[in-house]
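1. here is my input; please provide its structure:
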Amino acid sequence: MKKTTIMVLAFTAAVFAGQVGAQGDASAGKAKSESCAGCHGEDGNANAPIFPKLAGQHASYLVKQLHEFKSQKRLEPTMNAMAASLSDADIADMSAWFAQHRVKPEQAEKNALGERIYRSGIAAKAVPACSACHGPTGAGNPSSVYPALGGQYPAYIGKTLHDYKAGERNNDPNEIMRTIANRLNEEEINALADYISGLH
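-> Prediction:
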């Protein structure tokens with residue numbers, strides 16, 4: 001067997017082993033997540049529209065966000081403090097706990113503008129279709145660490161897009177969300193928030 005083939009196989013095995021090792025224990029995550037319930041709900045369906053729903057979110061995305069809260073790459077004082085003492089195992093376990101639940105979608109009114117932007121983008125503004133990364137039903141893409149959006153509160157979706165637009169949230173790879181949000185006006189952001197909240 002050629003040396004390069006052996007190296008590729010060894011690398012693949014190491015990556016696979018790392019992925020398996022990174023998977024959390026949801027049962028352990030239940031107890032570790034008790035302090036999260038006040039804002040995000042016991043099963044990850046948040047109690048108020050200003051907080052994100054974590055239920056059904058990809059574990060890979062939750063792990064990334066918690067690590068970035070911990071390192072303060074993503075700045076939000078409450079979450080920075082909550083994540084500061086978490087170990088890698090804590091983060092993996094808590095992420096697994098929330099990921100195994102189902103998000104409760106919102107009862108959203110039909111929004112033609114939001115649907116058009118989500119599915120087709122805005123060519124004149126070089127805004128791509130949201131569905132290209134987040135999927136036609138808002139289910140996201142765990143391997144690319146693109147979050148599931150369907151069923152989130154419209155208030156939280158709107159806040160997130162405004163935060164990206166203002167540069168207050170800046171942990172998006174290659175500034176993709178900041179670039180897109182900067183090209184959206186208030187009406188377009190609100191329409192997207194309404195439409196996405198009803199996806200499931």
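
2. can you classify the nearest residue in space to Tyr153 that is not next to it in sequence by secondary structure?
-> With Cβ to Cβ, 6 or more residues apart in numbering as the criterion, Tyr153 has its nearest non-adjacent residue at 3.8 Å, and that residue is Pro49. To be clear about C-beta, it is placed using only N, CA and C from the backbone, and glycine gets the same treatment. What DSSP: H, G, I helix; E, B strand; the rest coil gives for Pro49 is coil.

3. tell me how many other residues surround Asn47.
-> As a burial measure, Asn47 scores 13 neighbours (other Cβ atoms under 10 Å).

4. re earlier: residue contacts, the residue nearest to Tyr153?
-> Counting by Cβ atoms under 8 Å, 6 or more residues apart in numbering, Pro49 touches Tyr153, Pro154, Ala155, Tyr156.

5. now it: how far from Lys64?
-> According to Cβ to Cβ, to the nearest Å, Pro49 and Lys64 sit 23 Å apart.

6. so how far is Gln65 from the spatially most central residue of the chain?
-> Among the residues of the chain, the one closest to the centroid is Pro147, at 3.3 Å (Cα atoms, centre = their mean). Using Cβ to Cβ, Pro147 is found at 9 Å from Gln65.

7. also Gln107?
-> Relative to Gln65, Gln107 is positioned 27 Å away (Cβ to Cβ).

8. neighbour count for the two, which is higher?
-> Each of Gln107 and Gln65 has its neighbours counted (other Cβ under 10 Å); Gln65 has more, 23 against 6.

9. okay, helices next: where are they in the protein?
-> For the chain, the helices defined by DSSP state H occupy 3-22, 26-32, 37-40, 59-71, 77-83, 88-99, 112-120, 131-134, 154-166, 176-182, 186-197.

10. buried sites along stretch 41-56?
-> Gly41, Asp43, Gly44, Asn45, Ala46, Pro49, Phe51, Pro52, Lys53, Leu54, Ala55, Gly56 (16 or more other Cβ atoms under 10 Å).

11. do me a favour and get the end-to-end distance for that stretch?
-> 13 Å (Cα to Cα, to the nearest Å).

12. could you list the low-confidence segments of this structure?
-> 1-22 (pLDDT under 70).

13. can you name the two of the contacts of Pro49 that are farthest apart?
-> Farthest pair in the contacts of Pro49 (Cβ to Cβ) is Pro154 and Tyr156. Separation: 7.4 Å.

14. just to revisit the earlier point, how about the buried residues of stretch 41-56 in CSV, adding distance to Pro173?
-> As requested, those are arranged in CSV below (distance: Cβ to Cβ, whole Å):
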residue, distance to Pro173
Gly41, 28
Asp43, 29
Gly44, 24
Asn45, 27
Ala46, 25
Pro49, 27
Phe51, 24
Pro52, 19
Lys53, 22
Leu54, 21
Ala55, 24
Gly56, 22
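
15. can you tell me which of those end up in strands?
-> The strands, defined by DSSP state E, take in nothing from the buried residues of stretch 41-56.
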